[in-house]
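Asker: generate a structure from the sequence data that follows.
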Amino acid sequence: MTFIHAIWRNRSRRAKIHQVNTLAVLHSPRKHFSRLWRVVSGRARETHDPKNLCFVMDEPLPLRATDLHVPNNGYDSTTSFILQMPPEIMSEIFSLCIPTTPSFRVTDAPLLLTHVNSSWRACAISNTTFWDHITLPSPVVGLPQGIVELCKIWLERSGNRNLTVDLSLASDYQNWRVPVDHLSEVRDVVKILRTQSRRIQKLLRVLPQFLKDDLPPQEMDILEELFICEIAEQPLPGRHGSFDRFIVPTTLRNLSLRQTCFGLRNFSSLSQLSHLDLWQLQGPAQTPISACLAILRDFPQLESCTLDVAPGYLAPEPHRDLVMPSLTFFFVSWDWLVDVGPIFDIVRTPALQRLGLRGPPPTRNQWCHLKSFLLRCRPQITQLSIKELGFTDIQLLDCLKLCRSLTNLSLSHCSVDSAFLKALSWNPSISEEARILPCLEFLSMEACDEFDVKDLIAMLKTRACCVADGRRKLRGIRLSFCKRILEAHQEQLERCGIESVIIRPIKRTRVHHLVS
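Answerer: Residues are numbered from 1 along each chain as shown. Below you'll find the predicted structure:
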């Protein structure tokens with residue numbers, strides 16, 4: 001095996017450079033990485049086997065106060081193996097040190113790699129792929145000092161590469177209150193981005209006011225993904241101003257709108273759109289069921305779609321079937337007093353693989369709409385997510401019987417009782433048509449209650465055993481914030497034979513204990 005293949009085989013461990021003592025790195029990154037250099041090159045020199053490098057770098061380095069001053073052990077570092085490695089291999093090693101979320105911190109790669117010595121600096125700067133992602137810290141974390149100058153460094157070192165820019169002004173989990181000074185600094189960053197707008201390929205979590213005043217989309221010739229968000233209590237003027245028209249390039253394929261006061265009518269041609277995400281649109285931009293159906297008819301080529309259905313009226317007239325041959329991901333959310341059944345009565349999605357449903361408890365008729373949809377389309381669904389639907393019952397079980405290819409089932413904020421879990425238990429004695437989810441591999445339940453732990457354990461035991469009846473083994477379960485699941489249940493659940501058991505229990509305060 002070549003050295004580069006050994007590195008790639010162990011890339012999931014990120015070379016373990018991040019496992020070293022963080023305080024030491026903060027104190028003296030140059031000395032710390034110099035020690036890493038000496039340890040790795042010294043070991044390679046002793047064994048004369050470059051393949052050992054990947055295993056040396058995979059070991060946590062014991063760090064003591066004296067380790068930062070380790071001598072060169074009598075050999076000339078200029079002849080060490082690591083100095084003789086081609087720059088391409090060094091660059092590959094460095095790429096394993098880049099954090100998953102790009103960072104401007106001096107203690108993280110790529111910036112840290114430029115502060116060790118001249119060789120490392122030259123290698124890190126010459127690799128433009130290290131610098132083509134600009135992700136600002138969220139308002140919760142705060143922007144580092146000199147963020148504008150740091151962004152200028154990233155723009156310069158990224159050369160002519162296409163850019164991904166994430167301004168981090170929205171969260172998937174909660175609304176952020178963004179301070180005025182934070183927005184002001186972000187706007188300063190946006191202004192310098194305009195000089196490189198023709199290189200921007202992805203622009204994420206940006207305010208519409210920035211697009212209107214500072215960074216016009218029509219100047220981004222290669223823009224493929226655009227995520228526009230509005231934030232609560234935005235202190236910038238013009239939040240509810242007029243956004244007559246956004247002229248976007250024909251290269252745009254992904255569009256996300258979150259909490260905006262405008263919709264798709266405010267954009268120029270979206271003929272190449274493949275991925276659409278509309279979430280919590282405000283005022284006149286809200287999408288009742290009639291508007292949602294119109295959107296789906298206008299974009300039958302969509303591959304993924306998220307719709308947030310608002311209250312509204314749908315004329316009781318016959319609607320022709322709407323075929324979406326390429327749609328593989330479909331997420332539908334709705335509000336109180338909204339009947340989303342007509343969507344599933346009209347839309348046909350033969351290629352659908354992932355389906356998500358989120359809304360108030362449905363009526364029995366709505367489960368019938370879903371069952372009819374599954375019978376009519378026969379999609380090969382592999383992932384199903386159900387959130388906040390209130391309860392699981394026999395109507396849902398009838399739907400699950402039709403999802404024979406389902407591998408991932410996620411239930412969130414639903415009332416899951418023991419009868420439902422018993423129905424999920426595997427019983428080889430019943431007919432194949434009556435079996436539920438024969439391919440289930442992962443089960444996730446968040447804030448789901450009303451079931452007994454013993455019934456959950458009994459179900460898992462039937463799913464974890466290996467049998468030769470065409471059924472797949474349940475490999476993982478995730479239980480988050482379920483009232484009856486405690487950390488003490490971890491061992492019991494693991495003894496069921498499930499490979500991965502993840503528990504996130506509710507943090508119980510003194511009040512919880514008194515009540516219980």
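
Asker: so how far is R258 from the most centrally placed residue in the chain?
Answerer: Centroid check for the chain by C-alpha atoms, centre = their mean gives D172 as the closest residue, at 9.7 Å. Separation of D172 from R258 (C-beta to C-beta, to the nearest Å) stands at 9 Å. Glycine gets a C-beta too; all of them are placed from N, C-alpha and C.

Asker: equivalent analysis for C439, please.
Answerer: Taken as C-beta to C-beta, the span from C439 to R258 is 34 Å.

Asker: the more surrounded of these two?
Answerer: R258 (22 against 14; other C-beta atoms under 10 Å).

Asker: how many neighbours does I502 have?
Answerer: 12.

Asker: what strand or helix carries it?
Answerer: Assigned by DSSP states H and E, I502 belongs to strand 500-504.

Asker: partner strands of that strand and their direction?
Answerer: Its sheet considered, strand 500-504 pairs with strand 476-480 (parallel) by DSSP bridges.

Asker: and the nearest residue to I289 once chain neighbours are set aside, what is it in contact with?
Answerer: Among residues not flanking I289 along the chain, L314 sits closest, at 4.9 Å (C-beta to C-beta, 6 or more residues apart in numbering). By C-beta atoms under 8 Å, 6 or more residues apart in numbering, the contact set of L314 is P288, I289, S290, L293, P342.

Asker: V186 - nearest residue in space that isn't next to it in sequence?
Answerer: L167 (5.7 Å).

Asker: the one you found reaches Q209, doesn't it?
Answerer: No - using C-beta atoms under 8 Å, L167 is not in contact with Q209; the gap is 12.0 Å.

Asker: picking that back up, doesn't the residue nearest to I289 belong to a helix?
Answerer: No - L314 is assigned coil when assessed by DSSP: H, G, I helix; E, B strand; the rest coil, not a helix.

Asker: from M324, how far off is it?
Answerer: L314 sits 19 Å away from M324, going by C-beta to C-beta.

Asker: equivalent analysis for I93, please.
Answerer: Applying C-beta to C-beta, the value for I93 to M324 is 45 Å.

Asker: returning to that earlier point: how about residues contacting the strand holding I502?
Answerer: Residues contacting strand 500-504 (C-beta under 8 Å, 6+ apart): 475-481, 485-487, 489-490, 493-494.

Asker: any of the residues you listed buried? List them.
Answerer: For these, a burial check counting by 16 or more other C-beta atoms under 10 Å picks out I477, L479, S480, F481, I485, H489, L493.

Asker: excluding its backbone neighbours, what's nearest the first one?
Answerer: Across the structure, with C-beta to C-beta, 6+ apart as the measure, the residue nearest I477 apart from its sequence neighbours is L443 (4.9 Å).

Asker: helix/strand/coil for that neighbour?
Answerer: Quick answer, by three-state DSSP: L443 is strand.

Asker: and F330, by the same measure?
Answerer: Applying three-state DSSP: F330 is strand.

Asker: wait, what's in contact with it?
Answerer: By C-beta under 8 Å, 6+ apart, the contact list for F330 reads S304, C305, T349, L352, R354, L355, G356.

Asker: mind running it again at 10 Å?
Answerer: 296, 302, 304-307, 324, 343-344, 347, 349, 352-357, 379, 381 (C-beta atoms under 10 Å, 6 or more residues apart in numbering).

Asker: next one: it from T407, what distance?
Answerer: 17 Å.

Asker: now W120
Answerer: Note on W120: its distance to T407, by C-beta to C-beta, is 43 Å.

Asker: ranges for the helices of the stretch 351-500 of the chain?
Answerer: Assigned helices in the stretch 351-500 of the chain, in chain order: 364-377, 394-400, 418-424, 453-464, 490-494 (criterion: DSSP state H, counting those that start in this stretch).

Asker: picking up where we left off before, keep only those of the contacts of F330 that are in strands.
Answerer: Here DSSP state E is the test, and the contacts of F330 give S304, C305, T306, L307, V347, R354, L355, G356, L357 as lying in strands.
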